[in-house]
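Participant: Got a predicted model here, sequence first, then my questions.
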Amino acid sequence: MFEALATIPAEELSLRHARCRALLAEFAPEAGGLLVFARPAIYYLCGTLGMGCLWLPREGEPLLMLRKGEGRAALEAPTTRVVSYRSYKDLPGLAVEAGVPFSETIAVDMGGLTWQLGDMLRSRLSAHRFVSGDQALAVAQSLKSEWELSILRSCGERHHLALYDVLPQLIRPGMSEREIAHTAWAVFFELGHQGILRMSANGEECFLGHVSAGDSGIYPSSFNGPLGVRGEHPAVPLMGYAGKLWKQGEPLGLDIGFQLEGYHTDKTQLYWGGASGSVPAEVQAAHDFCVDVQAWAAENLKPGALVSDIWAHCLSWAEKAGFAEGFMGLGANKVPFLGHGIGLAIDGWPAIAKGFDRPVEKGMVFALEPKQAIAGLGMVGVENTFEVTENGAVCITGHNYELLCIEA
């Protein structure tokens, strides 16, 4: 009677299962399998955004156990066995019946459970010991297959078209941040954005992104990113403030994500309120520095590189070039990273930061976001999404990085 809107190919799922198992042997060798609760992670492993959990044993076929949605799962995850449950205490018996019993030690995506649900799981499955499977899952998802990369490339093309080609024809100084945000939404939806941006960090939210005119770009922020934002309201510190107008002689930063078939690209486009040639030398120099940092980081994001080394180099470069004060934010807004992995979540593993020392692999995808804050004025800089190849990272969100000048 019904047909699936889309399915993940069986061979693609098999590759993901094999990679997760290999990484589980590396990060949690004592565990006999991975029990996943976060909905995007369940989707990654079977193709449906299931309400429940998925058991991926070290040997044997995965088992999807749902509180609700067996019918939908049958359509979207036709190669995965699906059963229903009412309580966590039912899970071990269901796994036994399916021929893939739980091991004594189980790896769990602890980031996918609240403290309350984690305690409940331990109490209901007291015969089992739980260890973290988060690192294995994060590293597995960081490496994209050709199937995933094809989606991301299409997403990136539309992203660039929206921010670089279409929006400059529709926005102008004198508009409020909120008007610009609504205009951006209309353009993004028209180009196929599917209406949701996912964050993996607990408690983080993102809706459209940041629309920051003038000193909104350095407004105090609680979001873990360099670009400040006034936002809609203290309860919704995202998008743009109706009371803040973009003025002549001010930068406008649009840090907006695009999402297609569950996958995200990240991009920041900077605009200048005024005629071409009106950008002050200080502002242009700061923006050009960020473009140069992005280019160097992309060139050096090769298989075998360490992202911690890339971060250390760029931080030192900013200090030597006289940009240390505003590099990656001002004061408490400053963030200790240059970018991040991206895919089914915007804030994917790894961050380009100190302490991330696993070598880069071909097929990883990163958002590079060098920014420079200018006291009293706002923020300039760039952000684009890059695919790691043998010869460095290639941008998939366009190849134009200049400040776009827009007159009233």
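Facilitator: In hand now; what should we look at?

Participant: List the buried residues of stretch 168-187.
Facilitator: Judged by neighbour count using 16 or more other C-beta atoms under 10 Å, the buried positions of stretch 168-187 are 171-173, 175-185, 187. All C-beta spots, glycine's among them, are computed from the backbone N, C-alpha and C.

Participant: typo on my end, stretch 74-92
Facilitator: Those buried within stretch 74-92 under the rule 16+ other C-beta under 10 Å are Glu76, Ala77, Thr80, Arg81, Val82, Val83, Tyr88, Leu91, Pro92.

Participant: wait, Phe2 sits on Leu75?
Facilitator: Yes. Contact criterion C-beta atoms under 8 Å: Phe2 and Leu75 qualify, at 6.0 Å.

Participant: what pLDDT does Gly112 get?
Facilitator: At Gly112, the model reports a pLDDT of 88.

Participant: Excluding sequence neighbours, find me the nearest residue to it.
Facilitator: Ala38 (2.9 Å; C-beta to C-beta, 6 or more residues apart in numbering).

Participant: pLDDT score for the one you found?
Facilitator: pLDDT, Ala38: 95.

Participant: what's the burial count for it?
Facilitator: 21 (other C-beta atoms under 10 Å).

Participant: Looks like it contacts Gly111 (just checking).
Facilitator: Yes. If you go by C-beta under 8 Å, Ala38 and Gly111 touch, sitting 6.7 Å apart.

Participant: what touches both of the two?
Facilitator: Taking C-beta atoms under 8 Å, 6 or more residues apart in numbering as the criterion, Ala38 and Gly111 both touch Ser200.

Participant: which stretches of the stretch 301-408 of the chain form helices?
Facilitator: Using DSSP state H, counting those that start in this stretch, the helices of the stretch 301-408 of the chain run over residues 307-320.

Participant: low-scoring stretches of it, by residue?
Facilitator: For the stretch 301-408 of the chain, applying pLDDT under 70 flags no range at all.

Participant: Beta-bridge partners for Ala213, please?
Facilitator: Legend: beta-bridge partners of Ala213 under DSSP bridges are Leu252.

Participant: Confirm for me that it is in contact with Lys244.
Facilitator: Yes. Using C-beta under 8 Å, Ala213 is in contact with Lys244, at 5.7 Å.

Participant: Between these two, tell me which one has more neighbours.
Facilitator: Shown here are Ala213 and Lys244; by other C-beta under 10 Å, Ala213 has more neighbours (27 against 21).

Participant: How much space separates that one from Leu377?
Facilitator: 11 Å (C-beta to C-beta, to the nearest Å).

Participant: hey, what's in contact with both of those two?
Facilitator: Glu250, Pro251.
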